[in-house]
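**Q** structure for the following, please:
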Amino acid sequence: MRQSSVMQVRVHGESTTRQYGLAATAVEMGWAPGGVLTIDADLGVSGRFGAHRDGFTELLARVCRGEVGAIFGLEVSRLARSSGEFARLLELARLTDTLLVDADGVYDLGDVNDRLLLGLKGSMSEAELHLLTGRLHGAKLAAAHRGELRSPLAVGYVYDDGEVVVDPDEQVRQAVEDLFAEFTATGSALGVVKAFATTGRLFPQRKWGGAWDGQIKWGRLTHARVLQAVKNPVYAGAYAYGRSYDARKVRPDGTVAATKVKRARADWTVLIQDHHPGYITWQQFLDIEAKLAANHTKAGFRPPREGSALCQGIMFCGVCGGRMGTRYGDGGRVHYLCQHSNPHRTDACRTVAAITVDDAVAALLLDAVTPQQLKLAVKAADELTDRYTRSHRAAELAVERARYESDRAERAFSNVDPDNRLVARTLESKWETKLQALADAEAALITARAARPPLPERDALLALAADLPKLWHHPDTQARDRKRLLRTLIADVTLLPEQHKDEVRIGVRWHTGAADELTAGRIGPGRTPAAALDVIRRHGATHTSEQLADILNAEGLRTGRGHRWTKSGVARVRAYYTIRAPRTVAIQNGEISVKQAAAELGIPADAIYNWLTHGQVPARRGPSGRWCIPWDPDTQAIYQRKVAASFRLKPNPTRNGNRAV
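**A** Numbers count the residues shown, from 1 in each chain. Got it, this is the predicted structure:
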């Protein structure tokens, strides 16, 4: 038994009944009822490839084992749609003396005339399939060229008298609009998912088949659904047909695998622009397509990331020509370097501080930009306001829908006869479910309102936007936004071979094809101004790093990067130039050092350092930063109590050589 599709099994029940009736036909022809086997595993399965049909495979196996006397079918030529599969069945039936029986008669494959007749019927069946497929496909293709071939629509659209129109449900439309607005704002599908998750927004999906056929269900937005939406030309108002085709491949075991292969847009069978209202324009669809392609790092692209390195992804080495990576170190220090995994890396390839390159490239960019800052900044502010307004509005619509569903369930429960508990219990359960959905929607609205950041006043924003450098250096401007602005004008940056060890040569290539070369001084302790270095060397042996920082700042001296001096900055210069700090400890009368206190107590000095670090015992720091402990009776009692309270410390008198007995 076989029918080509599940739809045929559901709708054409008469054919199924006739096939099951073949068992009675076999009994009438003399077979015992216990000797008749009905194979119906292939109901709803195409007969084009026998390897995918468990029933047909079982039939061939039984024929090979000689267990079959006759094969019954409404039309034996339709047992297999492939001539090769059908010829194989006929050959096996001939070798095992198996009969084939259908409405036209009984065929003995040992008779050459029967073999010729069945072979001819098999070829005619395959030709019939080809003709039917061609006619059906031609009709579909003709309707598709007119844009009238109906297929399941993407969420956000419905059919109205055969015309494609936007969904009348305002909440559904709002969700689709929000998806594309968030993609414009974030530039990635993952960014859209995060934006929806942060504000607690849900996304609709139309169910096909089953009890929920054609209905809208709401759920979390996933990365796959975002990609499916932004790649669908229907949202750009375009009608498309033939965007993919079936590619078949024969596996080593002889089975045939069919997969969907995407076609390039130029190879689509039908593409009709402005076919119906769109959520975005066709140009926006093309821009999204280009943006998705640029986000693929495996294809050689380097989209902007969240790191602070401005030229990350577009920085190249001028020695080996390879792409330079980004390394983040302690204290927020960032460097560009030729990676060791680069096969073309040489000994001449260098590492450079990111701030050296970034500051020079940013200054070049700001000098090159024409005074359009005001219009751009106001537009960005308006887009940001619209973005959060859409998020807020989506949550309000969800609450409105949930409240309507709750009220409707309440009315249904109120109208039921209280004595009819079978119905009342069901309606009460539905009402409780709707009330819970209303509570969830209200919680999502609270989340959306809380997630909306406070925007500055428009006048203040206009004043800020009037000067692009201020907007660039503003602390609220994200590094990723700076990178996007940079890449709209600059194609790549190259670290050119050095001519002087204290200078960095930077090559900048613009998207217009023009190129600029910059020179910047290297930063770090090795570039400390001579006047500041002379002060540190002159007073380094007698003053602490903190005291030296105060002296340098009082004299108006600055670091190599133009910043004020700090204790840590002086310490780095000391380490680089090996300038020793003062080693003496100002021990006053009645004070001892940490090592002396440890010897007095008979414990390791590390324990006392740990107490001092956590402020658990009294002490003071000397000018050089060393600890001085006032060793009076009260202080000794505190230290002795700490020793006694510790289960790890075991006082050992022999630690004090002068007191050893």
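**Q** excluding chain neighbours, what is closest to the most centrally placed residue in the chain?
**A** In the chain, the residue lying closest to the centroid (Cα atoms, centre = their mean) is L190, at 3.9 Å. In this structure, L190 finds its nearest non-sequential neighbour in H223, 6.0 Å apart by Cβ to Cβ, 6 or more residues apart in numbering. Every C-beta, even on glycine, is put in place using the N, C-alpha and C of the backbone.
**Q** any idea how far that neighbour is from V106?
**A** According to Cβ to Cβ, to the nearest Å, H223 and V106 sit 60 Å apart.
**Q** check which element follows the helix or strand hosting E58 along the chain.
**A** Here E58, judged by DSSP states H and E, is contained in helix 54-64. Per DSSP H and E, the first helix or strand lying C-terminal to helix 54-64 is strand 70-72.
**Q** quick one: least confident helix or strand in this structure?
**A** helix 458-465 (a mean of 52; mean pLDDT, DSSP states H and E).
**Q** what helices and strands are in contact with whichever helix or strand comes after that one?
**A** Counting by DSSP H and E, the next helix or strand C-terminal to helix 458-465 is helix 468-473. Packing partners of helix 468-473 (3 or more Cβ pairs under 8 Å, 6 or more residues apart in numbering; DSSP states H and E): helix 354-368, helix 373-415, helix 458-465.
**Q** if we can go back for a sec, now the helix holding E58, how far from the centre of its chain.
**A** In terms of Cα atoms, centre = their mean, to the nearest Å, the centre of helix 54-64 is set 47 Å apart from its chain centre.
**Q** mind checking the pLDDT average for that helix?
**A** Computed over helix 54-64, the mean pLDDT rounds to 87.
**Q** buried set for it?
**A** 55-56, 59-60, 62-63 (16 or more other Cβ atoms under 10 Å).
**Q** how about the residues you listed in JSON lines, adding distance to D492?
**A** Formatted as JSON lines, these follow (distance: Cβ to Cβ, whole Å):
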{"residue": "G55", "distance to D492": "62"}
{"residue": "F56", "distance to D492": "60"}
{"residue": "L59", "distance to D492": "65"}
{"residue": "L60", "distance to D492": "63"}
{"residue": "R62", "distance to D492": "69"}
{"residue": "V63", "distance to D492": "68"}
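**Q** quick one: the helices in the stretch 1-150 of the chain, in order.
**A** Using DSSP state H, counting those that start in this stretch, the helices assigned to the stretch 1-150 of the chain run over residues 6-11, 13-20, 22-28, 54-64, 83-95, 112-145.
**Q** and the angle for the longest one with helix 83-95?
**A** Spelled out, it's helix 112-145. Put simply, helix 112-145 runs at 160 degrees to helix 83-95, going by axes from the mean of the first three to the mean of the last three Cα atoms, to 10 degrees.
**Q** which elements pack onto helix 112-145?
**A** helix 83-95, strand 105-108.
**Q** chain center to the shortest one, what's the gap?
**A** Mean-position distance between strand 105-108 and its chain equals 62 Å (Cα atoms, centre = their mean).
**Q** buried residues, that strand. List them.
**A** Neighbour counts over strand 105-108 (16+ other Cβ under 10 Å) mark Y107 as buried.
**Q** using PDB, list the CA coordinates for it.
**A** In PDB, the C-alpha atoms belonging to strand 105-108 read as follows (Å, rounded to 0.1, in the frame of the first residue of the first chain):
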ATOM      1  CA  GLY A 105      -4.800  -9.300 -14.300                       C
ATOM      2  CA  VAL A 106      -2.100 -11.600 -13.000                       C
ATOM      3  CA  TYR A 107       1.400 -11.300 -14.300                       C
ATOM      4  CA  ASP A 108       3.900 -14.200 -14.300                       C
END
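**Q** from the contact counts, what lies against it?
**A** strand 99-102, helix 112-145.
**Q** average model confidence for the longest one?
**A** Pointing back at helix 112-145 there. Mean predicted confidence for helix 112-145 is 83.
**Q** ok, back up a step: next, the contact list for the residue nearest to L190, please.
**A** Counting by Cβ atoms under 8 Å, 6 or more residues apart in numbering, H223 makes contact with 189-190, 193.
**Q** possible to save those residues as a markdown table with distance to A24 and secondary structure?
**A** Formatted as a markdown table, the contacts of H223 follow (distance: Cβ to Cβ, whole Å; DSSP: H, G, I helix; E, B strand; the rest coil):
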| residue | distance to A24 | secondary structure |
| --- | --- | --- |
| A189 | 59 | helix |
| L190 | 62 | helix |
| V193 | 59 | helix |
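**Q** what about V573, distance to I579?
**A** In terms of Cβ to Cβ, V573 sits 7 Å off from I579.
**Q** hmm, I typed the wrong one, I wanted R421.
**A** 92 Å.
**Q** equivalent analysis for K231, please.
**A** For K231 relative to I579 (Cβ to Cβ), the value is 62 Å.
**Q** what of Q284?
**A** Separation of Q284 from I579 (Cβ to Cβ): 61 Å.
**Q** I'd guessed W627 sits against I592; true?
**A** No: assessed by Cβ atoms under 8 Å, W627 is found out of contact with I592, at 9.7 Å.
**Q** look at these two and report which has more neighbours.
**A** Per other Cβ atoms under 10 Å, whichever of W627 and I592 has more neighbours is W627, with 20 against 17.
**Q** and that one, what is it in contact with?
**A** 593-594, 609, 612, 619-621.
**Q** make it 10 Å
**A** Counting by Cβ atoms under 10 Å, 6 or more residues apart in numbering, W627 touches 585, 591-595, 597, 608-609, 612-613, 617, 619-621.
**Q** now do A103
**A** Here A103 is in contact with 18, 22, 25, 73-76 (criterion: Cβ under 10 Å, 6+ apart).
**Q** just the pLDDT at it, thanks.
**A** For A103, pLDDT reads 84.
**Q** can you give me the end-to-end span of stretch 310-327?
**A** This stretch, stretch 310-327, spans 13 Å end to end (Cα to Cα, to the nearest Å).
**Q** show me what counts as buried in that stretch.
**A** In stretch 310-327, counting by 16+ other Cβ under 10 Å, buried: 310-320, 322-326.
**Q** those residues in strands, which ones?
**A** Using DSSP state E, 315-317, 324-326 are the members of the buried residues of stretch 310-327 that sit in strands.
**Q** pick the one among the residues you listed closest to Q3.
**A** Using Cβ to Cβ, G325 is the member of those that lies nearest Q3, at 60.0 Å.
**Q** what sits against the nearest residue to that closest one once chain neighbours are set aside?
**A** Computed as Cβ to Cβ, 6+ apart, the closest residue to G325 that is not its neighbour in sequence is Q339, at 4.4 Å. Contacts for Q339 (Cβ under 10 Å, 6+ apart) come out as 317, 322-327, 345, 349.
**Q** any chance of CSV for these, columns pLDDT and distance to T96?
**A** Formatted as CSV, the contacts of Q339 follow (pLDDT from 0 to 100; distance: Cβ to Cβ, whole Å):
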residue, pLDDT, distance to T96
C317, 88, 74
G322, 83, 68
R323, 82, 67
M324, 86, 73
G325, 83, 69
T326, 85, 72
R327, 84, 74
R345, 79, 70
C349, 82, 75
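**Q** for G138, state which of the residues you listed is nearest.
**A** R323 (51.8 Å).
**Q** can you name the residues bridging to the closest residue to that closest one other than its chain neighbours?
**A** Excluding its sequence neighbours, the residue lying closest to R323 (Cβ to Cβ, 6+ apart) is F316, at 5.8 Å. In this entry, F316 is beta-bridged to R323, T494, by DSSP bridges.
**Q** pLDDT score assigned to F316?
**A** For F316, the pLDDT comes out at 88.
**Q** that one and H344 touch, don't they?
**A** No: contact criterion Cβ atoms under 10 Å: F316 and H344 do not qualify, at 11.4 Å.
**Q** which neighbours do these two share?
**A** With Cβ under 10 Å, 6+ apart as the test, F316 and H344 both reach 322, 338.
**Q** for the stretch 451-600 of the chain, which segments are assigned as strands?
**A** 490-495, 503-510, 515-521, 591-592 (DSSP state E, counting those that start in this stretch).
**Q** just say which of those is most tucked in.
**A** strand 490-495 (a mean of 20; mean count of other Cβ atoms under 10 Å).
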